[in-house]
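1. predicted coordinates and the sequence they were generated for:
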Amino acid sequence: MDSIARPGMYGIGPLAFLTGEITLVDGRCFVSRVVGDSAIVVEERRDVQAPFFVRVDAATWTLVPLPDHVVDLRSLDAFLTHWAKDRKHPFLFRLRGLVGQEIGFHVMNVPAGVIIHSPEEAHMHQVKYMDRGNEGTLIGFFSTQHHGIFVHHDANIHVHYLSWDHTRMGHVDHLRVDPWLVVLEIADRSPLK
């Protein structure tokens, strides 16, 4: 990350060997790992690597009003899919505010020496967390053309969560938000893989 973590850069991906998660926010690199059975530790550090990572240098942001029916990941995905129907390129988005009205997220925690052969095997090593009533930022990427690359096979978005105090961070599995308490912004550049 030390070669790409600079002001304006945003990105998400797993930590090397699937031992945690990485979220890059305006050049600041946050790494979450599981310590012990389930304690989560978030550190700001750039001396880490990722097996795959999607990133973008976000020069400017466009504010996009959220309709009142956008209350979870599924409705956010549907809204962004409709909003982007005439766009041909993937994009970065962020939600800021009370994003943790209820948010479920995980951190990868593959033990040292374990070799992963499939996504299903990797999912067996996720440690799941729940956060409620917390402010923070969701960093996400949207694409209809990169399923299984940097968005999921069954969705057009891939999202990471970072709490306002930088003590909780990971890959978002589900969330519940009040659209009146968050701000949606979309970056004006395409992601770099």
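-> Arrived safely. Numbering: from 1, shown residues only.

2. most distant residue from the middle of this structure?
-> G113 (26.1 Å; Cα atoms, centre = their mean).

3. where does the chain dip in pLDDT?
-> Low-confidence segments of the chain (pLDDT under 70): 189-193.

4. output the longest helix belonging to it.
-> Longest helix of the chain, by residue count under DSSP state H: helix 73-83.

5. which other residues reach it?
-> The contact list for helix 73-83, computed with Cβ atoms under 8 Å, 6 or more residues apart in numbering, reads 64, 66-67, 69-70, 93, 95, 142, 144, 155-157, 159, 172, 174-175. No exception for glycine: its C-beta is placed from N, CA and C like everyone else's.

6. what ranges does the chain have for its helices?
-> Going by DSSP H, the chain shows helices at 73-83, 119-123.

7. tell me the contacts of the residue nearest the centre of the chain?
-> Among the residues of the chain, the one closest to the centroid is H160, at 1.9 Å (Cα atoms, centre = their mean). By Cβ under 8 Å, 6+ apart, the residues touching H160 are 12, 21, 23, 105, 138-140, 169-172.

8. same thing but 6 Å
-> For H160, the contact set (Cβ atoms under 6 Å, 6 or more residues apart in numbering) comprises 12, 23, 139, 171.

9. repeat that for T60.
-> By Cβ under 6 Å, 6+ apart, the contact set of T60 is D188.

10. for E185, see how far away it is.
-> According to Cβ to Cβ, to the nearest Å, T60 and E185 sit 10 Å apart.

11. over to F52?
-> 25 Å.

12. before we move on, what about F150?
-> Per Cβ to Cβ, F150 is found 19 Å from E185.

13. looking at these two, which is more packed in?
-> F150 (20 against 16; other Cβ atoms under 10 Å).

14. run the chain-centre distance for the longest helix of the chain.
-> 15 Å (Cα atoms, centre = their mean, to the nearest Å).

15. quick check: buried residues in that helix?
-> 73, 76-80, 83 (16 or more other Cβ atoms under 10 Å).

16. cool, stretch 50-69 as well?
-> By neighbour count with 16+ other Cβ under 10 Å, stretch 50-69 contains the buried residues 50, 53-58, 66.

17. please apply the same query to stretch 28-46.
-> Buried, per 16+ other Cβ under 10 Å, within stretch 28-46: 28-34, 40, 42.

18. next: stretch 149-164.
-> Those would be 150-151, 155-163, for stretch 149-164 by 16+ other Cβ under 10 Å.

19. swap in stretch 103-114?
-> 103-110.

20. quickly list what V183 is bridged to.
-> Beta-bridge partners recorded for V183 (DSSP bridges): R96.

21. M9 too?
-> Beta bridges link M9 to D57 when assigned by DSSP bridges.

22. count the neighbours of it for me.
-> Using other Cβ under 10 Å, M9 has 19 other residues around it.
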